[in-house]
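# when you get a sec, could you give me coordinates for this:
(one chain, ligands or ions: 2)
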Amino acid sequence: MPADRTMNGMAIDLILGTAGHIDHGKTTLVRALTGTDTDRLPEEKRRGITIELGFASLELGDYQLGIVDVPGHERFVRNMLAGASGIDLALLVVAADDSVKPQTREHLEILRLLDLTAGVIALTKCDLADADWTDMVEEEVRELVAGSFLAEAPIVRTSTVTGEGLDELRQQLATAAAKAADRSVDRDEGPFRMAIDRVFTLAGHGAVVTGSVASGSLAVGDSLVIEPLGEEVRVRALQNHDRAVQNIHRGQRGAVNLVGVHHTEIRRGHVLASVGHLVPSRLLTVRIELLKSAARPLKNRSRLRVHMGTDEVMANVSLLEADSLDPGARCVAQLFLSEPVVSVWRQPLVLRQVSPVVTIGGGHVLDPDATRLPRKDMGTIRRLEQLNAKEPRDRALASAFFFDLRPWDSGDLARTVAVPEPETVVAELVSAGDLRSLVLSPTRTRLVHRDALESWLLRMEQALARLHAMNPLQPFIEQSRLTSRFRYLDDPPLVQTMLSELQRQDRVRIAPAGVALRGHGPQLSKGEQKLLDQMVETYQQAALQPPSVKDLRASATKNRAAVPQLIELAAAEGRLVKVTPEMYLHADAEQRMRAILEDAFGETFQLTVGQIRDLLEVSRKQAIPLSEYLDRIGFTRRVGDVRELAS
Ligand SMILES: Nc1nc2c(ncn2[C@@H]2O[C@H](COP(=O)(O)OP(=O)(O)OP(=O)(O)O)[C@@H](O)[C@H]2O)c(=O)[nH]1
Ligand SMILES: [Mg+2]
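Ligands and ions are numbered 1, 2, ... in the order given. The predicted model follows:
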C-alpha cells in the first residue's frame with residue numbers, strides 16, 4: 001500500500017508526462033514548477049521549440065515526480081510517444097489564447113491508448129486571454145476530454161508570467177498522483193524492466209542509458225540483459241535525476257551506467273531487463289482499436305508503424321475477426337513485425353499510419369511471443385479473449401493453449417499473462433486434466449494444453465488416414481513414414497510420445513509392421529480378394545514346397561502387379577509366414593514344420609541342415625532359408641554348422 005511506503009518516510013515515485021500542442025507552454029510550465037529548463041539542445045534554444053524529451057523532478061509531499069517533457073510539434077510525435085510510454089500520470093497543457101489544436105487531440109488519444117488513468121489539465125498563458133475567452137476555451141477542453149480518463153480531471157488556470165494557479169496546480173498534481181499510485185504500486189516488485197529512451201557515453205565510464213522504470217528495481221552490481229539484443233550487461237553506477245544512488249525502482253527515472261556493452265550497440269527502443277524475463281518476438285497477438293477519427297477502415301494486411309515502449313517498428317497487421325476494422329471498432333489481431341521486440345502482457349501500443357504519419361489506433365499485447373493464428377476462427381478468438389480474463393487460472397489455461405507444443409514452464413506464465421504463483425496454478429490444471437504433462441524422456445517433460453494436444457492427435461490421425469488411402473493394400477504403415485510427416489516439429493521424442501498417446505487412447509494400433517488406424521483394414525477390390533484367397537490356397541496345398549512370389553506373379557492372369565502386396569497382406573493377417581522376400585509358407589505348413597523339428601529334437605540334441613532337409617522333405621536350396629528363418633524367430637540357435645533347439 002502507498003501508505004506503508006510513506007510511513008517509512010519514503011516518497012512514492014511516479015512519472016509525470018506533459019502533453020499538448022506545440023508552443024502551448026509545456027516546457028515553460030515545467031520550468032516554473034521545478035526550476036529546470038528541459039530544453040537543452042542548441043537547436044531547441046534557437047527554434048524555441050522542444051524536439052527531444054526533457055527531464056525534471058518535482059517533490060510534492062508524499063510524492064516524488066519524475067517529469068518527462070515532450071515536444072508538441074507534429075513532426076516529433078514519435079518522440080512524444082517514446083516519452084509518454086513510461087508515464088503514470090499526465091499533465092495536459094492547453095494555451096488559453098489558442099484553445100484545442102490538432103496535437104492536443106492526438107496527444108490525448110495517445111495517452112488514452114497508453115492506458116493512463118490519472119492527470120491534470122492546465123490552461124496556460126491565462127495572462128494573454130480575458131476571462132470570457134478563457135471560459136470558452138475551458139468549455140472546449142471539457143468537451144474534448146468528455147468520456148476520456150480526463151473527463152473528471154481538474155482544469156487549472158495558470159500563467160507563468162503572473163504565477164497564477166501554480167500552487168493549485170501543485171496541489172492537483174499531488175491528488176492525481178495519489179490516484180495513479182493506487183494503480184501502480186503492485187508493479188513495484190517482480191522483474192526489472194526499463195525501456196531505454198536515451199543512450200550516451202561518459203568519457204572513461206562507458207555507456208549510459210536512461211529511461212522510466214516500468215517494473216521492479218535495480219541495484220549497482222546487478223546483471224541484466226539489453227533486449228532484444230540479448231546482450232548481458234552489469235550495472236556499474238546508477239543515477240536518479242543527476243543524483244548518484246545505490247538502486248532505482250519502478251516509477252523513477254534512471255540513468256544506468258553499464259559494463260559489457262558499447263554504447264553504439266544500443267539505441268532508443270531497446271529494453272533493459274532482468275535476465276530471462278523477456279523473450280524477443282517478431283509476432284505479437286494484440287487487441288486493437290481504430291480511432292473514431294481514423295480517415296478510413298483499417299484493412300487486413302495493412303502496413304503500420306507500431307510504437308511500443310520507446311520502440312518504433314514496422315508491421316503488417318493480420319485482422320483475425322474480419323477483413324477490415326471500422327473507425328471506433330475493436331478486434332483481435334496479429335502484428336508481423338519487421339524486427340523482433342520484447343513486450344509484456346497488456347503492454348499498451350500505439351498504431352500510426354505509414355503515410356501520412358498520423359495516429360490511427362492502438363491497443364495492448366495479448367501474447368508477447370505468438371505463433372501464427374488462423375483468421376476468422378471463432379474458437380481461437382474466444383480463447384484470445386480469455387487471455388484477458390480476470391481469473392489468473394483462466395489466463396494461464398488460455399496462454400498454455402497458445403504455447404501449443406512449444407516448451408514452456410510455469411515461470412513463463414508470470415511473463416505471458418502475469419499469473420501470480422504460477423506453479424500452484426499449473427499443478428492444479430494438470431491434476432484437473434486441463435493440462436497434460438507429456439514425458440518425453442526420463443529428464444524431459446512437456447506441458448501441453450489438452451485441446452492443443454488433441455488437435456495434434458487429430459492431425460496425426462488425418463496424416464495416417466492419407467497414408468492408408470495412398471497404400472490401400474497395406475494393413476500397416478511404417479512408423480517412419482508417418483512420423484517423418486511431423487519432422488518439422490524438430491522433436492522426434494515428442495512425435496513418438498504423441499503416437500504412443502494415440503495408441504494409449506486406442507485410436508491406432510502399433511505392430512512390428514507399422515501403425516494403423518483403429519478399425520482400418522486394407523481396401524481390396526473383388527478381383528484382388530479372389531486372387532488373394534486363391535494364392536493362400538495354393539500355399540496351403542504346396543505346404544513346405546511353396547512357389548516363389550515370382551512364380552505366382554507370372555501365373556496370375558489379372559491383378560498381376562498387386563501379387564507381392566497381396567502376399568504381404570496375407571502375411572500381415574497371419575495367413576502366410578514370410579521366410580524370405582521371395583519365399584512364404586502357409587501358416588499351417590509353418591506350424592507343421594516346427595512340430596516335425598520339435599519331435600526330432602526330442603530324440604537328438606542337434607540337427608544339421610542336411611538332416612533338416614531330410615526331415616522336412618525339401619531341397620537343400622529351401623532348407624537353408626528355412627533354417628535361417630527358424631534361427632531368426634528364435635526357434636533354433638545356430639552353433640557352428642548345427643542347430644539346437646533354442647529354449
Ligand atoms: N505570456 C505567457 N507566455 C507563455 C506562458 N507560458 C509559455 N509562454 C510562452 O510560450 C512560448 C512557448 O512556450 P514553451 O514552453 O516552449 O511551449 P511548449 O509547449 O513547450 O512547446 P513545444 O515543446 O515546442 O511543443 C514561449 O515563448 C513561452 O515564453 C505564459 O504563461 N504566459
Ligand atoms: Mg516544450
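
# roughly how far is the helix or strand residue 156 falls within from the heart of the chain?
Residue 156 is part of strand 155-157, with elements assigned from DSSP states H and E. Its chain's average C-alpha position is 45 Å from that of strand 155-157, according to C-alpha atoms, centre = their mean, to the nearest Å.

# which residues does it contact?
Applying C-beta atoms under 8 Å, 6 or more residues apart in numbering, the external contacts of strand 155-157 come out as 96, 120-123, 126, 134, 138, 141-142, 164-165, 168-169, 172. From N, CA and C alone the C-beta is placed, and that goes for glycine too.

# just the buried ones from those residues?
96, 120, 121, 122, 123, 126, 134, 138, 141, 165, 169, 172 (16 or more other C-beta atoms under 10 Å).

# farthest pair within the contacts of strand 155-157?
Taking C-beta to C-beta as the measure, the contacts of strand 155-157 span a maximum distance of 19.8 Å, between 142 and 164.

# returning to that earlier point: ok, then the element right after the strand holding residue 156?
Next along the chain after strand 155-157, taking DSSP H and E as the criterion, comes helix 166-184.

# number of residues surrounding the residue lying closest to residue 234 once chain neighbours are set aside?
Nearest non-adjacent residue to residue 234, counting by C-beta to C-beta, 6 or more residues apart in numbering: residue 259, 4.6 Å away. For residue 259, the neighbour count with other C-beta atoms under 10 Å is 14.

# residues from the stretch 101-250 of the chain in reach of ligand 1?
Proximity of the stretch 101-250 of the chain to ligand 1 is confined to 124, 125, 127, 128, 159, 160, 161 under the rule C-beta under 6 Å from any ligand atom.

# reformat these as CSV; add neighbour count.
CSV is the format used below for those (neighbours: other C-beta atoms under 10 Å):
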residue, neighbour count
124, 25
125, 24
127, 15
128, 15
159, 21
160, 19
161, 12
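
# can you redo these as a markdown table with pLDDT?
Shown next, in a markdown table, are these (pLDDT from 0 to 100):
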| residue | pLDDT |
| --- | --- |
| 124 | 98 |
| 125 | 97 |
| 127 | 97 |
| 128 | 96 |
| 159 | 97 |
| 160 | 97 |
| 161 | 97 |
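
# nearest to ligand 2 among those?
Minimum distance to ligand 2 across these is 11.2 Å, recorded for residue 124 (C-beta to the ion).

# beta partners for the closest residue to residue 125 other than its chain neighbours?
Residue nearest to residue 125 in three dimensions, not counting chain neighbours: residue 95, with 4.8 Å by C-beta to C-beta, 6+ apart. Residues in a beta bridge with residue 95, per DSSP bridges, are residue 124.

# work out for me the element residue 78 sits within.
Per DSSP H and E: residue 78 is located in helix 77-84.

# avg pLDDT for that helix?
Averaged over helix 77-84, pLDDT sits at 93.

# and it, what does it pack against?
In this structure, helix 77-84 packs against strand 12-19, strand 63-69, helix 102-113, strand 193-202, strand 303-308, strand 311-319, strand 348-353, with contacts taken as 3 or more C-beta pairs under 8 Å, 6 or more residues apart in numbering; DSSP states H and E.

# mind saving the C-alpha coords of the fifth one as PDB?
Going back to what we said before, that points to strand 303-308. Provided in PDB are the C-alpha atoms of strand 303-308 (Å, rounded to 0.1, in the frame of the first residue of the first chain):
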ATOM      1  CA  ARG A 303       1.300  -1.900 -43.200                       C
ATOM      2  CA  LEU A 304       1.600   0.100 -39.900                       C
ATOM      3  CA  ARG A 305       4.000   1.800 -37.600                       C
ATOM      4  CA  VAL A 306       3.900   0.200 -34.200                       C
ATOM      5  CA  HIS A 307       5.000   2.200 -31.100                       C
ATOM      6  CA  MET A 308       5.600   0.200 -28.000                       C
END
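
# follow-up on the earlier one: redo the residues of the stretch 101-250 of the chain next to ligand 1 as a markdown table? Include distance to ligand 2.
What follows is those, written out as a markdown table (distance: C-beta to the ion, whole Å):
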| residue | distance to ligand 2 |
| --- | --- |
| 124 | 11 |
| 125 | 13 |
| 127 | 18 |
| 128 | 17 |
| 159 | 17 |
| 160 | 12 |
| 161 | 17 |
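
# tell me the one among the residues you listed nearest to residue 560.
residue 124 (96.7 Å).

# what about residue 597, how many neighbours?
Around residue 597 there are 22 residues (other C-beta under 10 Å).
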